[in-house]
Each structure stands twice: as C-alpha cells, then as structure tokens.
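A.B. asks: sequence below, structure please.
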Amino acid sequence: MKILDQLTVLFVLLLFLFAPAAVAFGPAGQTGVTATPELGRDLAVELRIPLFDPDFSDTPVASLGSKTVFLKELISSLSESNKILFWEYKTEADELTKQFNQALAERIKKFTEKSVKLTTFTRGEIDDQHNLKLDAPLFSNLFINVPVASIDGVPITISEFARDLQTVHMEAKGEHAHSGAKDNIQRLIDRLITVRLVEREARNIGFDQAVSFRKKVENHAQKTLLYGLLNTHIAGVAVDEVAVDKLYRQISLEGQLSSYRFETEEDANKLLKSYSDGEDFDQLIAAAVKRGKVIAGKDEGYVKFKELLPNIAKSASNMEIGDVSEVFRQADGFILFKLMGRRFVEDAQARQFAMNNVWEAQRASAGTDYINKVIDQYTVFDEEVRSSLDFAAILQANPEIQLTEALQPLLNDERSFATVSGAETKQITVSEVAKKSKKHFSWYGRSFKTF
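C.D. replies: Coordinates of the predicted model:
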C-alpha cells in the first residue's frame, strides 16, 4: 500500500467509527462478568468488609438456591459497641464474630429450600477493626456491584476489578498466565485504588481541564476506538498449528560447534580465504594452532541455539553440517566455527514463542485485510491528485530532498485527495494528509530516502 494510502486509513476508520452505527461495538475490550472467564468461574478474591459501613450493606454473605442473605439483613442483630454506665467501648472481635454467626444461622433456618446446597461466602471471622472476612467470587452475578474498595464514597466494584484482572490475564497469556492470577489479586486492588486516588487529586487541581491533557485524552480515545474496531474483526482468528509447528522446528535447535579464536581479524580472514580457495579446513586449523595463531575452543557437545549470541545462532541455523562460518568479533578476539551437527530439541518455551509469533502475524494480516476492505468499500481516490503526489518521482528529481521540503508545498493544498462515504460524506484534502504526515512520522526532518 502506498504511503499516502496508509495515512488515509486513519481518516477512513475514524469516520467509520464515529458514525451512529458504530455505537453498537461498545467500548473496546469490555465484557460483562457473565461472559465465560478464562480465569475460571471459581476464582475468588479475599475481602475485608467493614461490617457497619452502609456502602457495603448489600454484600451477599450466603445463598441457598434462589435465596440470598445480604449483610444488611444481619446488622440489626450485631452490637457495634457496648456501654457500661458512662463508658462506651467497641465490641470485642470474638463477641462480634459469635453474634454474626448466630444471626446468619438463624436467618438460614428461615429458608424453605432445605434440599438446595447452601453456599456461604463469609469465613465467619471478624477482626478487631470490625471487618468481616469474605471470599467473593469474581465472576458471580451476585457480586457485580459489591465494592472491593471505596474512595470517598465512590466504589471500585467487583465487576470493574474482574474485568481488569481478565485484561491483565489476556495480556500475559502464556504458559504461566494461570499460575500467577491469585498472587496478583492484591497487587491489582492496590493499583486500582492508586489510580482512583490519582484521578481524584488530578480533578481537584483541575488537571483534567488542561488543554494539553484533553488533547491527549482525545487522541487516546481515537486510538482505543481504532484498536477496538480492529480487535472486533480479528477476534475469531485461530492460531495455525501447522505454521506453529514449522516455526517451532526452525527455532528450537541445538548444535555442535567447533569454535576457534584468533587474536587478529587479519589471521582469521586469511585462514578463511585459504579455506574458500579449496584447502582443507582441519589441516589449516591444525597448522594455525601449531603456529600459535589460533586457540581451539572446548568441546561442549550440543548447545541450544538460544544460548548462543544472536548473530552466531542465526548463522548456524542457516548453515549445512560441515560448513564453516564467517568471522565474528568478540571481546577477546575474533572467532569462526565449523558446524559439526544440528538437531531439533523439545522446548516448551520455544513452542510458546513460536505460537505467539504465528498468532500475532495472523492477527496483523487479518487486520491489514480488514483495513484494505474498509478503504475499498468506503473510499474513492482522486487519481489525478494521487498521481501528482508521486514521491518516487520527487526523490528521483532531487535525491537529497528533506521531508520538510517535500511536505511544505502540500501543507496548504486544499485539493481533494479522497472521498470517504458513510453516515456522512467526508472529503480528505492533500493538506490534511500532509499535516498528519508531518505530525505522525517520527523521522520527520531526515533524508527523504527514509520516507
């Protein structure tokens, strides 16, 4: 795709996204807690619920079939404090725990569905700060609106927390993704609380009204919409197992290398040239060792390619058995090696690496196909204007031209470069594309050849 066509993608997709029909896509990456969670429906977070805080009064503590017991139903049976004459003191944790468990047991007795399994979410333990220990299922509809924390009366709900945890899990998807889920729960809660506190402080000082900040928010919103739209259309991409296995067998290798270190590059290149001219490599090495020009490396048997320096591993993977490498510079001299053997080796990490690479390549390809489809469907280019913006011809006429010089005459060019149709028709001018180019490309100002 030509460079200006690629820049047009941004305009096309943004217009498409902001059309009324685009609202149906919803915010990118958001799923309700009723969706099937990859982390497992049994995953729970340990909470310490303030017994007498009204923000937490609707917290479920037990369920029996279709019936649910909420914390607010038991509070009236609990004594937050006791009074002797004029002395008032907080109820001891043990006493409050006893009162709570007794009230819960009496409430459960009133249920008529005796044959249905009873589920209790509380551990029946209350600490000295009058907090009730609770195991809250992250993906239960009963706990959607239950707070995991409250900042100035504004709750962070279980549904928010579960969504964030699910997102973190998807980003870290791999062989160890499940193992760290429970360990990271408290860390994620702390992060959400920190975010809320920072947000509150930013609003207090009016940071959210600053022009620079609002511009960044707008840019982020556009990018989020774009990525959300693309993710919607590539969500069904399934990994190509054949391609994964092929790449896996190409990268999960180990080789047997006979390496030789030279003190000078001249000696190494001289020996390599003699070998290229047809002389026997082993005899050349033996003679060089005898003259003290080279030191043979230790025989370490088979070594995994991933443990070698990248340039050496890349060279060895493309060589045939018995081939001699080029000369490589190292800190202690110059080396070359002869590939004595190469074989495939099972490696779980290498397979995961191959799978991730194939999957990302497939997603990128699907995204490109979708972008091309959107452009073909919604965009009509003015071919005369398009042909006049022939950067290859500009470069040929002036090989040393800078990007600034090439874009300058285009910044005020109001000719229509493309017409985008949709809920409304949008004309994209040469000026708009030029200004977007000037702002977007990080190599702005370099030689035009890099453009």
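A.B. asks: flag every buried residue along stretch 257-271.
C.D. replies: Neighbour counts using 16 or more other CB atoms under 10 Å place 257-262, 267-268, 271 of stretch 257-271 among the buried residues. Every C-beta, even on glycine, is put in place using the N, C-alpha and C of the backbone.
A.B. asks: which of the residues you listed fall in helices?
C.D. replies: Taking DSSP state H, the ones among these that sit in helices are 267-268, 271.
A.B. asks: turn the residues you listed into a markdown table, including distance to Ala238 and pLDDT.
C.D. replies: Output for those, formatted as a markdown table (distance: CB to CB, whole Å; pLDDT from 0 to 100):
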| residue | distance to Ala238 | pLDDT |
| --- | --- | --- |
| Asp267 | 54 | 93 |
| Ala268 | 49 | 94 |
| Leu271 | 51 | 95 |
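A.B. asks: which of those sits closest to Phe417?
C.D. replies: Ala268 (55.5 Å; CB to CB).
A.B. asks: list the contacts for the closest one?
C.D. replies: 262, 294, 327, 334-336 (CB atoms under 8 Å, 6 or more residues apart in numbering).
A.B. asks: hmm, 10 Å instead?
C.D. replies: Contact analysis of Ala268 by CB atoms under 10 Å, 6 or more residues apart in numbering lists 260-262, 288, 293-294, 326-329, 333-336.
A.B. asks: returning to that earlier point: which one of the ones in helices among the buried residues of stretch 257-271 is nearest to Phe56?
C.D. replies: For those, the closest approach to Phe56 (CB to CB) belongs to Ala268, at 73.4 Å.
A.B. asks: please report how far that closest one lies from Leu336.
C.D. replies: As judged by CB to CB, to the nearest Å, Ala268 and Leu336 stand 6 Å apart.
A.B. asks: give me the common contacts of those two.
C.D. replies: Common neighbours of Ala268 and Leu336 are listed as 260-262, 294, 326-328 (criterion: CB under 10 Å, 6+ apart).
A.B. asks: so of those residues, which ones are in strands?
C.D. replies: Among the shared contacts of Ala268 and Leu336, the subset assigned to strands under DSSP state E consists of 260-262, 294, 328.
A.B. asks: could you pull up the mean pLDDT of stretch 418-435?
C.D. replies: Computed over stretch 418-435, the mean pLDDT rounds to 85.
A.B. asks: now swap in stretch 121-141 and tell me
C.D. replies: Averaging pLDDT along stretch 121-141 yields 85.
A.B. asks: okay, how far is it across that stretch, tip to tip?
C.D. replies: With CA to CA, to the nearest Å as the measure, stretch 121-141 spans 14 Å from end to end.
A.B. asks: over to Phe381: give its phi and psi.
C.D. replies: Backbone torsions for Phe381, taken as degrees, to the nearest 10, come to phi -90, psi 150.
A.B. asks: same thing with Gly341?
C.D. replies: When quoted as degrees, to the nearest 10, the phi and psi of Gly341 stand at phi -170, psi 160.
A.B. asks: look at the closest residue to it other than its chain neighbours and say how many residues are nearby.
C.D. replies: Sequence neighbours aside, Gln256 is the residue nearest to Gly341 in space, at 3.9 Å (criterion: CB to CB, 6 or more residues apart in numbering). Residues within reach of Gln256, counting by other CB atoms under 10 Å, total 18.
A.B. asks: OK, contacts around Gln256?
C.D. replies: With CB under 10 Å, 6+ apart as the criterion, the residues that contact Gln256 are 299-303, 316, 321, 337-343.
A.B. asks: ok, now with 6 Å
C.D. replies: With contacts defined as CB atoms under 6 Å, 6 or more residues apart in numbering, the neighbours of Gln256 are 302, 340-341.
A.B. asks: export these to JSON lines and tack on neighbour count?
C.D. replies: Shown next, in JSON lines, are those (neighbours: other CB atoms under 10 Å):
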{"residue": "Tyr302", "neighbour count": "14"}
{"residue": "Met340", "neighbour count": "14"}
{"residue": "Gly341", "neighbour count": "12"}
